[in-house]
Structure formats: structure tokens, C-alpha cells
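Student: quick one: sequence and predicted model below, then my questions.
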Amino acid sequence: QVRLVESGGDSVQAGGSLRLSCVASGYIARGTCMAWFRQVPGKERERVAFILTGNGGADYADSVKGLFTIFQENAKGTVFLQMNSLRPEDTAMYYCAAGRSPFSCGNYYWGQGTQVTVFS
């Protein structure tokens with residue numbers, strides 16, 4: 001069983017920055033897909049970025065490319081989402097997720113979420 005705890009959500013003015021953290025406990029295999037999703041009420045959950053632990057390979061949604069950076073502190077354990085030049089449309093609940101199988105980004109363990117609010 002994997003447990004994920006997010007932190008770092010806040011209210012920030014447009015143009016500002018936030019760094020979200022996700023601490024994972026339990027067994028995280030090398031190559032686990034660690035991802036950040038976001039969701040606003042009434043819309044589907046959107047994956048904004050993922051990274052493969054121990055590998056460093058990452059990818060981003062087009063809406064956040066060049067603005068957000070996902071990185072890991074070590075081979076497993078803590079994953080961050082650095083969010084720069086925030087816009088009101090980035091307002092959402094942000095969730096950390098860990099793939100249940102190595103190198104698979106389709107089925108996840110989930111954290112409880114951390115709220116990000118961007119005001120203009």
C-alpha cells in the first residue's frame with residue numbers, strides 16, 4: 001500500500017509561484033509513474049505532469065509546458081511540482097498520484113489533494 005500526502009497549496013496572485021510537495025510512503029518501485037493531476041468542480045481530472053522515479057523522464061500537459069516543472073528529490077519518496085507564472089485558470093484541487101505498476105501511468109494510488117487558488 002502506498003500513501004501520498006500533498007502540501008503547498010495556497011492562494012496566490014496571478015503571476016506568482018507555488019511549489020507543491022508530495023511525500024510518498026510505502027514501497028515505490030524504480031520506474032513508478034508519479035503524477036500531478038488537477039480538477040475543478042464539474043470538470044474531469046486533468047493530468048498536468050508526470051515523472052518516472054529513478055529515471056527522470058517527464059512530460060507535461062500542453063497547458064502548463066514551460067510554466068510547471070515536476071522533479072523528484074531522490075529516486076523515490078518526494079516529488080515536487082514547481083508552478084510559475086500562475087494564471088487564474090490554474091485554480092484547482094491538485095492531486096498527487098503514484099502508478100500501481102512500474103512504468104505504467106494508467107492506474108494510480110491517490111493523495112487527498114491540495115487546493116491552489118490564483119486570483120487576478
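Tutor: Cool, the structure landed.

Student: which strand or helix spans the spatially most central residue of the chain?
Tutor: Nearest residue to the geometric centre of the chain (CA atoms, centre = their mean): residue 36, 2.2 Å. Under the criterion of DSSP states H and E, residue 36 resides in strand 33-39.

Student: about what we covered before: for the residue nearest to the residue nearest to the centre of the chain when sequence neighbours are not counted, list each beta-bridge partner.
Tutor: Setting aside the residues directly before and after it, residue 36 is nearest to residue 81 in space (CB to CB, 6 or more residues apart in numbering), at 4.7 Å. Just so you know, the C-beta spots here come from the backbone N, C-alpha and C atoms, and that holds for glycine as well. Beta bridges link residue 81 to residue 20, residue 70 when assigned by DSSP bridges.

Student: buried sites along the strand holding residue 36?
Tutor: Buried residues in strand 33-39, counted by 16 or more other CB atoms under 10 Å: 33-38.

Student: between those, which is nearest residue 53?
Tutor: Among the buried residues of strand 33-39, residue 34 lies closest to residue 53 (CB to CB), at 5.8 Å.

Student: tell me how far the nearest residue to that closest one once chain neighbours are set aside lies from residue 42.
Tutor: Of all residues not flanking residue 34 in the chain, residue 79 sits nearest, at 4.5 Å (CB to CB, 6+ apart). For residue 79, the distance to residue 42 equals 27 Å [CB to CB, to the nearest Å].
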